[in-house]
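# here is my input; please provide its structure:
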Amino acid sequence: MSFPETLKLPKKLELEKARLKPGETALLVIDVQNDFANPSGKLYARGAEKIIEPIRNLIGKARRAGATIIYTQDWHVKGDPEFKIWGEHAVAGCWGAEIVEELKPLEDDVVVRKPSYDAFYSTSLDHVLRARGVKTIVLTGLLGNICVLCTAVGAAVRGYGLAIP
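Down below sits the predicted model:
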């Protein structure tokens with residue numbers, strides 16, 4: 001059997017709405033911080049402020065359903081080697097490293113500070129998720145082609161189910 005030269009896909013893919021168990025689900029909000037989401041930020045992603053309201057709505061729905069809410073913060077110390085690639089950003093304790101005001105975590109939310117693109121690398125994230133019985137992660141945040149992507153891969157190789165709205 002040979003591979004067809006042209007793949008024929010349906011014009012519209014219908015997906016059944018995902019039914020997630022809140023007690024086994026975590027909403028993971030990746031790096032919605034001032035340095036990335038605010039026009040004054042050091043690594044501002046043009047248009048990033050447009051995702052804040054949809055993420056706030058998603059957080060509200062997840063919270064009302066009883067899912068675990070986890071935020072990540074890109075978090076670096078002065079002189080971090082990553083600065084050679086991206087320049088200084090998300091420096092520990094500085095305005096740029098803070099989660100944007102509109103999405104500030106509540107007391108019961110979890111905040112994971114991470115030194116790298118993948119939120120699982122050198123953090124307690126996997127331990128936190130397993131301790132809470134989480135099996136599925138709903139992943140959102142910044143930036144889709146860097147930290148969200150790397151975290152999605154990190155979750156998948158650890159056996160978590162993924163939903164990316």
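
# list the residues that contact Pro54.
Going by C-beta atoms under 8 Å, 6 or more residues apart in numbering, Pro54 touches no other residue. No exception for glycine: its C-beta is placed from N, CA and C like everyone else's.

# tell me if it really is in a strand.
No. Applying DSSP: H, G, I helix; E, B strand; the rest coil, one finds Pro54 to be helix, outside a strand.

# so what's the spatially closest residue to Glu102 that is not a sequence neighbour up against?
Leaving aside its sequence neighbours, Glu102 sits nearest to Ile52 (C-beta to C-beta, 6 or more residues apart in numbering; 5.1 Å). When contacts are counted by C-beta under 8 Å, 6+ apart, Ile52 is found next to Val32, Ala37, Val100, Glu102, Leu103.

# roughly how far does Ile52 sit from Glu101?
Distance of Ile52 to Glu101, computed by C-beta to C-beta, to the nearest Å: 9 Å.

# likewise Ile137?
25 Å.

# these two - which one has more neighbours?
More crowded of Ile137 and Glu101, by other C-beta atoms under 10 Å: Ile137, with 28 against 9.

# isn't the more buried one up against Ala163?
Yes. At 7.4 Å, Ile137 and Ala163 qualify as touching, with contact defined as C-beta atoms under 8 Å.

# circling back: give the ChimeraX command for selecting the buried subset of the contacts of Ile52.
Applying 16 or more other C-beta atoms under 10 Å to the contacts of Ile52 leaves a buried subset, and the ChimeraX line that selects it is:
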select :32,37,100,103
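
# so which of the contacts of Ile52 is the closest to Gly159?
Val32 (25.9 Å; C-beta to C-beta).

# which ones are touching the closest one?
The neighbours of Val32, taking C-beta under 8 Å, 6+ apart as the test, are Ala48, Ile51, Ile52, Ile55, Tyr71, Ile99, Val100, Leu103, Gly141, Leu142.

# which positions within stretch 51-66 qualify as buried?
Buried positions in stretch 51-66, judged by neighbour count with 16+ other C-beta under 10 Å: Ile51, Ile52, Ile55, Leu58, Ile59, Ala62, Arg63.

# what do you get for stretch 19-28?
Neighbour-count burial for stretch 19-28 [16+ other C-beta under 10 Å]: Leu20, Thr25, Ala26, Leu27, Leu28.
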